[in-house]
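Colleague: quick one, structure for this:
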Amino acid sequence: MSYTSFGYYVLVAVIVLVYYLIPRRARWIALLSGSLIFYYLVSSGLSCVCLFILSIAICFTFGILLEKKRTRLCLGAGIVLTALPLILTKTDSILGSPFERLSGFSFIVPVGLSFYTLQMVAYLADIYNGKFPAQRNPLKFALFTSFFPQIIQGPIPRYDALAKELYDGNDFDLDSILSGIQLIIWGFFLKFMIADKAAIPVNTVFDSYSEYGGGVVILAGVLYSIQLYTDFLSCTTLAQGVAQMLGIHVQDNFFHPYFAVSIKDFWRRWHMSLSSWLRDYIYIPLGGSRRGSFRRYLNVFITFAVSGLWHGNSFKFIFWGLLHAVYQIAERVLDRPKVPKFLRTVITFILAMLAWVIFRADTLGASFAMMRSMVTGFDIAVFTDNSIFSLGLDEKEFTVLVLSIAVLFGVSLLQEKGIEVRKYISERSLVVRWGVYLLSIWVIWIFGTYGFGFDASEFIYGGF
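Modeller: Numbers count the residues shown, from 1 in each chain. Next up is the predicted model:
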């Protein structure tokens, strides 16, 4: 079951129906039941579910202990034990499965491990810092940790921002239902009209990069940057849409990152729940920028190294994270003179795109070879001789992709200026509103990934 499957939305419909039919004080139980059912259905076995429940029990217990005895030893023990499955998974992958060789058993990787671990660590740290008291009801804490729209791929919620909406229950509101449906349609557009379609030429080039010239490699790098963004934004949007139908607000995770004017600005806009987590629980505890330039730069390197390790189980991801640290430090040291905003945006996108090539390529060596070909093997003719239509998308399909990207760009520009497109549509007449909804569904159905005979792929961030 995935967030784009028919079965998932049958489950969503059942949860929404039960949620609003039962008494308000018991509605959190419907959410918990639905979340546990969903987690069981997406897990590879009962062992994954049991490990997830064990992690919840450990974090819940240490939360209560921290409230009673706020010591660094208790906090450290709670964080280590809570994060131990994630630590072992990362160590096991990077060091060549030493645990499997020593023990004879392969390590279980629960679904959503990277996301819910950070969620639990933040919960313990915030109790230690006195931001809120520990949750005393283990079932309510389990709901906070397992809330189904975001358990697999985020955003990474904070307890004080989400818990009250989960526990108090919400009254039925037709506007919330319709707002959720709007978000779900937009999420499907991003996934089926852009992300999955862009994945076809991206996979073709990255899997056989040596067969293509620099122009095609640049195109693949640009398309992968868009693919990754729309794939992850789609997942976040679908999570927000389903939660909105229940009257629950899931935080934004992106704010037009490719409009950023610097790499620092990029990380204010990209995967914002992770960026703020790294800032609040890694960078600031290390000392942030309070202890001089050397310590500030060291803290930036450590923070982005953690980000890279979180994203993947190989050294290329750590290198990718460290490259972003170099970007940020270079921006600060060089203190570049006044450059037009448009040019700064283009430069930032190019830097981010080159880093994404490292992120996507099979190895560091392959990524370096691809970047070298961008410079030494560039040939503009590939954009005029129709050769780009041999990458898996014919002219018709490629046109749909370009037009879809143009729609995303236009909507993003309006949102950047403070214009809410969804609100504008909601204020139109009933006929116009539903005309837009039904037309959107028809276009996605006919021209999206399924319409051209390709299978919808899993969300990229589901593998992290």
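
Colleague: every contact and neighbour count from this point should use C-alpha atoms.
Modeller: OK.

Colleague: can you pull the contacts of residue 307?
Modeller: Applying CA atoms under 8 Å, 6 or more residues apart in numbering to residue 307 gives the contacts 278, 318, 321.

Colleague: do the same with residue 325
Modeller: Neighbours of residue 325 in contact, by CA under 8 Å, 6+ apart: 300-301, 304.

Colleague: which one of these is nearest residue 45?
Modeller: residue 304 (33.1 Å; CA to CA).

Colleague: and the closest one, how many neighbours?
Modeller: 25 (other CA atoms under 10 Å).

Colleague: what helix or strand does it sit in?
Modeller: Element membership for residue 304 (DSSP states H and E) is helix 292-311.

Colleague: with neighbour count and distance to residue 84 as new columns, can the contacts of residue 307 be given to me in TSV?
Modeller: What follows is the contacts of residue 307, written out as TSV (neighbours: other CA atoms under 10 Å; distance: CA to CA, whole Å):
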residue	neighbour count	distance to residue 84
278	18	18
318	20	20
321	26	22
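
Colleague: residues near residue 27, how many?
Modeller: Using other CA under 10 Å, residue 27 is surrounded by 22 other residues.

Colleague: break this structure down into its structural domains.
Modeller: 6-171, 176-463 (automatic domain parsing).

Colleague: would a markdown table of the ones you listed with mean pLDDT be doable?
Modeller: Shown next, in a markdown table, are those (pLDDT from 0 to 100):
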| stretch | mean pLDDT |
| --- | --- |
| domain 6-171 | 88 |
| domain 176-463 | 90 |
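
Colleague: so the residue of the chain most remote from its centre, which state does it fall into?
Modeller: The C-alpha centroid of the chain is most remote from residue 385, which lies 36.5 Å away (CA atoms, centre = their mean). Per DSSP: H, G, I helix; E, B strand; the rest coil, the secondary structure class of residue 385 is coil.

Colleague: can you list contacts of the strand or helix carrying residue 196?
Modeller: Using DSSP H and E, residue 196 falls within helix 196-207. Here helix 196-207 makes contact (CA under 8 Å, 6+ apart) with 212, 216-217, 220-221, 223-224, 226-227, 231, 360-361, 391-393, 401, 448-449, 456-457.

Colleague: just those: which are in helices?
Modeller: 216-217, 220-221, 223-224, 226-227, 231, 360, 401 (DSSP state H).

Colleague: ok, those vs residue 444, which is closest?
Modeller: Looking across these and measuring by CA to CA, the closest to residue 444 is residue 401, at 11.6 Å.

Colleague: could you check how far the closest one is from residue 223?
Modeller: According to CA to CA, to the nearest Å, residue 401 stands 10 Å off from residue 223.

Colleague: likewise for residue 240?
Modeller: Residue 240 is 25 Å from residue 223, by CA to CA.

Colleague: more neighbours: which of those two?
Modeller: Between residue 240 and residue 223, counted using other CA under 10 Å, the more crowded position is residue 240 (26 against 22).

Colleague: is it true that residue 16 touches residue 248?
Modeller: No. Applying CA atoms under 8 Å as the test, residue 16 and residue 248 come out as separate, 11.6 Å apart.

Colleague: now the residue nearest the centre of the chain: how far from residue 50?
Modeller: By CA atoms, centre = their mean, the chain has its centre lying nearest to residue 232, at 4.6 Å. According to CA to CA, residue 232 stands 28 Å off from residue 50.

Colleague: repeat for residue 26
Modeller: 25 Å.

Colleague: so how far is residue 173 from residue 64?
Modeller: Distance from residue 64 to residue 173, by CA to CA: 36 Å.

Colleague: let me fix that, I meant to ask about residue 227.
Modeller: 34 Å.

Colleague: cool, and residue 194?
Modeller: The gap separating residue 194 from residue 173 is 31 Å, by CA to CA.

Colleague: the more surrounded of those two?
Modeller: Using other CA under 10 Å, the more surrounded residue of residue 194 and residue 173 is residue 194, with 28 against 13.

Colleague: skip the chain neighbours and tell me the closest residue to the more buried one.
Modeller: residue 401 (5.8 Å; CA to CA, 6 or more residues apart in numbering).

Colleague: what's the neighbour count on the one you found?
Modeller: With other CA under 10 Å as criterion, residue 401 counts 22.
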